[in-house]
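[1] Test case, fold it:
(2 chains)
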Amino acid sequence: MANTRNGRPSQVFRNLNSKVASIPMVLTASVVFVGGTIWTVVHSFTNSKLLPRLNFVGLDQYERLWNSNKWLISIENLFIYGVLTLIFSLVIGFVLAALLDQKIRFEDTFRTIFLYPFALSFIVTGLVWQWILNPDFGIQAVVRGLGWTSFNFDPLYNQDIVIYGILIAGLWQGTGLVMCLMLAGLRGIDEDIWKATRVDGIPMWKTYLFIVIPMMRPVFVTTLVIIASGIVRVYDLVVAQTSGGPGIASEVPAKYVYDAMFLSQNLGQGFAASTMMLVTVLIVIVPWAYLEFGRRRHRG
Amino acid sequence: MADQATISAAGLGAARTSASEAWGPRPRRALSRRNIIIYGTLTVVALYYLLPLYVMIVTSLKGMPEIRMGNIFSPPMEITFEPWVKAWATACTGLNCEGLSRGFWNSVRITIPSVVISILIASVNGYALANWRFRGADIFFTILIVGAFIPYQVMIYPIVIILREMGLYGSLTGLVLVHTVFGMPILTLLFRNYFASVPEELFKAARVDGAGFWAIYFKIMLPMSLPIFVVAVILQITGIWNDFLFGVVYTKPDVYPMTVQLNNIVNSVQGVKEYNVNMAATLLTGLVPLIVYFISGKLFVRGIAAGAVKG
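    Prediction:
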């Protein structure tokens, strides 16, 4: 659709409406996204406390950040939660999608069931699982009531495994989305591929593993990026399910930032921590954006 | 709830079957080993996914004595709607005991203007990007899309300052503005891609007939693109209703959205825990997006797929 640009190069007034319509986008992109990010990064090198000040102290905030036990636990939790979420949601999501793709009956019913948690907020998700995992009334109590009295399953009250309790809730909420994306990818695979492999007598699992999955590479990459950027943001789920507890065992970076900025009036720490989050995301996003947009520009 | 899902899903299923002509030549025996494995796995997983919803419903219908004695999976012996009434009308957050109703109406007052404004702006913007490109537009669009992946935490505080300067910090209007800004990347992308797929001849013909920017938008694009508007509405209603972070950062306690108030009610440390009231409150908060989800069916899927895959 390059017609308008090519045909009439310098008619400012014809495109004035278009420019006016784009003002919100231009403001959002430049002021909030670029401006806000630069502002935060710059202020992460200051000793801002209650109010943002431009009193530069070099890397002090980062030093303090990486010496903070709470931050280290946050990073460790994010890492465990992130890696396991990626693995499990991709595997479960793909298997469910592959099962739904077998031309089965009630496909829509199953899909509706698998996806409905995605419509719910993390707060609702966290609170439900807080209740189900409640050791006095939930799964632990029920299993003990069945006679297995030594049964122990109280992730939300055990520092060592609390992050897995959050993982259970996070997977319940998010796997449906992955399944949907995978299903869309599977539907994009040419029917002839299946016919060809059947003629050649290649077992189904081999077809999936060596033919279909490599073909779905773009879908996997996109899904990966979406899950990953969601993981870095994980906040509401932890607030609702454990409030970071027991102690500080289930803290996550996003919560560290919020607490520093709005609870302990330590803005500099908040800015430094959020800048670290940004760096984490950039490590994931930049290669992807380069491939995606770079390639597109070549084609276009 | 499940019935509703089945009905709408069955309807959609019928449409799908008739639409796709390739039903496959595979011989189908009803009880083959393959079918048992597939349906068995899917059913078990489906039950697992439904479990929390079931637990929420049964817990919210029990009295506290029954909860203390029984297990969370058993259906209520005596159904009571007391917890629902209490959650809606008298549950306490701190000193305030107006129940979740206040949060509900706050969320309504946040969601409706946010959805309308964000979609209006993004649709016109997407239309401009698809059909009326100007020099530099693509740069800002790329920033917008890449910016969607920046963690919100990075931009939270600068926005606090901007809103404070505008005198909107702590108000509903400020929060509406924030939702409009953060909804922009995904919505603009959605509309741009949709409008770009509209045949170019249509646009050219209208230009030849002398129609301008707004005339083409309102008379041609808008009427043609109702489905994508519905998709955008679904996406925004669920997204904004479910928001917690922006609500807690940019509003004050008396205008807290429902999710924030719900969290305060359930996780408040004072008083005896009333799990039935908590679950009723949780269900009440989840009800709006759930209803939107079950009614919208395939459009919901299309919304997330359009946003995700075409990116």
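
[2] Contacts only, for the residue nearest the centre of chain B.
    The centroid of chain B falls nearest to B:Thr238 when counting by CA atoms, centre = their mean (1.3 Å). Applying CB atoms under 8 Å, 6 or more residues apart in numbering or on different chains to B:Thr238 gives the contacts A:119, B:289, B:292-293, B:300. Yep, even glycine has a C-beta here, placed from its N, CA and C like the rest.

[3] Would you mind measuring from it to B:Ser60?
    22 Å (CB to CB, to the nearest Å).

[4] about what we covered before: can you classify the residue nearest to the centre of chain B as helix, strand or coil?
    helix (DSSP: H, G, I helix; E, B strand; the rest coil).

[5] Could you check the pLDDT of it?
    Looking at B:Thr238, its pLDDT reads 90.

[6] and A:Trp148, how many neighbours?
    Residues within reach of A:Trp148, counting by other CB atoms under 10 Å in any protein chain shown, total 9.

[7] cool, B:Val231 as well?
    By other CB under 10 Å, neighbour count at B:Val231 equals 25.

[8] That one: what's it in contact with?
    B:190, B:299, B:302-303, B:306.

[9] Quick check: the farthest pair among those?
    Spanning the widest gap among the contacts of B:Val231 are B:Leu190 and B:Leu299, at 12.2 Å by CB to CB.

[10] So which of the two has more stuff around it?
    Between B:Leu190 and B:Leu299, B:Leu190 has the larger neighbour count (other CB under 10 Å), namely 24 against 18.

[11] Show me what the helix or strand in which that one is found is packed against.
    Using DSSP states H and E, the element containing B:Leu190 is helix B:172-196. Contact partners of helix B:172-196 among helices and strands, from 3 or more CB pairs under 8 Å, 6 or more residues apart in numbering or on different chains; DSSP states H and E: helix A:16-27, helix B:101-131, helix B:137-147, helix B:152-166, helix B:226-241, helix B:245-250, helix B:298-309.

[12] angle of that helix against helix B:152-166?
    Angle between the axes of helix B:172-196 and helix B:152-166 is 120 degrees (criterion: axes from the mean of the first three to the mean of the last three CA atoms, to 10 degrees).

[13] the inter-axis angle of helix B:172-196 versus helix B:137-147?
    Angle, helix B:172-196 to helix B:137-147, by the same axes, to 10 degrees: 120 degrees.

[14] Go through helix B:172-196 and flag the buried ones.
    Across helix B:172-196, burial judged by 16 or more other CB atoms under 10 Å in any protein chain shown covers B:172, B:174-195.

[15] got the contact list for B:Pro52?
    A:117, A:125, A:128-129, A:132, A:172.

[16] Nearest residue to the residue nearest the centre of chain A in space, please, no chain neighbours.
    Taking CA atoms, centre = their mean, the centroid of chain A lies closest to A:Gly230, which sits 1.6 Å from it. Nearest residue to A:Gly230, sequence neighbours excluded (CB to CB, 6 or more residues apart in numbering or on different chains): A:Gly174, at 7.0 Å.

[17] you'd agree the one you found is up against A:Ile227?
    Yes: between A:Gly174 and A:Ile227 there is a contact at 7.2 Å, judged by CB atoms under 8 Å.

[18] how about the residues of the stretch 201-300 of chain A near chain B?
    Residues of the stretch 201-300 of chain A lying close to chain B by CB under 8 Å from any CB of the partner chain are A:219, A:222-223, A:225-226, A:229, A:232-233, A:235-236, A:239-240, A:243, A:253-254, A:257-258, A:261-262, A:267, A:270-271, A:273-275, A:277-278, A:281, A:285, A:289, A:292-293.

[19] Can you tell me what sits against stretch B:219-229?
    So stretch B:219-229 is contacted by B:119, B:123, B:127, B:131, B:190-191, B:194-195, B:198, B:202-203, B:206, B:211, B:299 (CB under 8 Å, 6+ apart).

[20] Nearest to chain A among the residues you listed?
    Within the contacts of stretch B:219-229, proximity to chain A (CB to the nearest CB) peaks at B:Asn131, which comes in at 6.3 Å.

[21] Quickly find the element holding the closest residue to that closest one other than its chain neighbours.
    Using CB to CB, 6+ apart and skipping the chain neighbours, the partner closest in space to B:Asn131 is B:Phe203 (5.7 Å). In this structure, B:Phe203 sits in helix B:200-208 according to DSSP H and E.

[22] other SSEs contacting that helix?
    Against helix B:200-208 (3+ CB pairs under 8 Å, 6+ apart) you get helix B:213-216.

[23] Would you map the helices across the stretch 1-150 of chain A?
    A:3-7, A:16-27, A:36-43, A:60-67, A:69-100, A:107-119, A:122-132, A:139-145 (DSSP state H, counting those that start in this stretch).

[24] And the stretch 201-300 of chain A, by the same measure?
    If DSSP H, counting those that start in this stretch is used as the criterion, the helices of the stretch 201-300 of chain A fall at A:204-206, A:213-215, A:217-232, A:236-241, A:253-258, A:267-299.

[25] Could I get these in a markdown table, plus columns for mean pLDDT?
    Shown next, in a markdown table, are the helices of the stretch 201-300 of chain A (pLDDT from 0 to 100):
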| stretch | mean pLDDT |
| --- | --- |
| helix A:204-206 | 86 |
| helix A:213-215 | 91 |
| helix A:217-232 | 85 |
| helix A:236-241 | 94 |
| helix A:253-258 | 95 |
| helix A:267-299 | 81 |
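
[26] Of all those helices, which one comes closest to B:Asn242?
    Among those, helix A:236-241 comes nearest to B:Asn242, with 8.4 Å by CB to CB.

[27] for the closest one, the distance to its chain's centre please.
    Counting by CA atoms, centre = their mean, to the nearest Å, helix A:236-241 is centred 15 Å from the centre of its parent chain.

[28] got a list of what the residue nearest to B:Asn131 touches?
    B:131, B:216, B:220.

[29] Report the separation between it and B:Leu120.
    B:Phe203 is 20 Å from B:Leu120, where distance means CB to CB.

[30] got the contact list for stretch A:174-183?
    Residues from elsewhere that reach stretch A:174-183 (CB under 8 Å, 6+ apart): A:85, A:88-90, A:92-94, A:96-98, A:100-101, A:111, A:114-118, A:216, A:219, A:222-223, A:226-227, A:230, B:49, B:301, B:304-305, B:308-309.

[31] Nearest to A:Ala196, out of the helices of the stretch 1-150 of chain A?
    helix A:69-100 (18.0 Å).

[32] right, is the closest one up against chain B?
    Yes: for helix A:69-100, a contact with chain B is found by CB under 8 Å from any CB, at A:96, A:99-100.

[33] Ranking by neighbours, what's the top pick from those residues?
    A:Leu96 leads those on contacts (other CB under 10 Å) with 25 neighbours.

[34] Which strand or helix spans the closest residue to it other than its chain neighbours?
    Nearest residue to A:Leu96 in three dimensions, chain neighbours excluded: A:Met179, at 4.5 Å (CB to CB, 6+ apart). Using DSSP H and E, A:Met179 sits within helix A:162-187.

[35] Please state the mean pLDDT value computed over the helix or strand following that helix.
    Later in the chain than helix A:162-187, the nearest helix or strand by DSSP H and E is helix A:191-199. The average pLDDT within helix A:191-199 is 87.

[36] CA atoms of helix A:191-199 as PDB?
    Extracted C-alpha coordinates of helix A:191-199, given in PDB (Å, rounded to 0.1, in the frame of the first residue of the first chain):
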ATOM      1  CA  GLU A 191      -2.500 -31.700   4.700                       C
ATOM      2  CA  ASP A 192      -0.300 -33.200   2.000                       C
ATOM      3  CA  ILE A 193       2.600 -33.500   4.500                       C
ATOM      4  CA  TRP A 194       0.500 -35.900   6.500                       C
ATOM      5  CA  LYS A 195      -0.600 -37.900   3.500                       C
ATOM      6  CA  ALA A 196       3.000 -38.200   2.300                       C
ATOM      7  CA  THR A 197       4.300 -39.400   5.700                       C
ATOM      8  CA  ARG A 198       1.500 -41.800   5.900                       C
ATOM      9  CA  VAL A 199       2.300 -43.200   2.500                       C
END
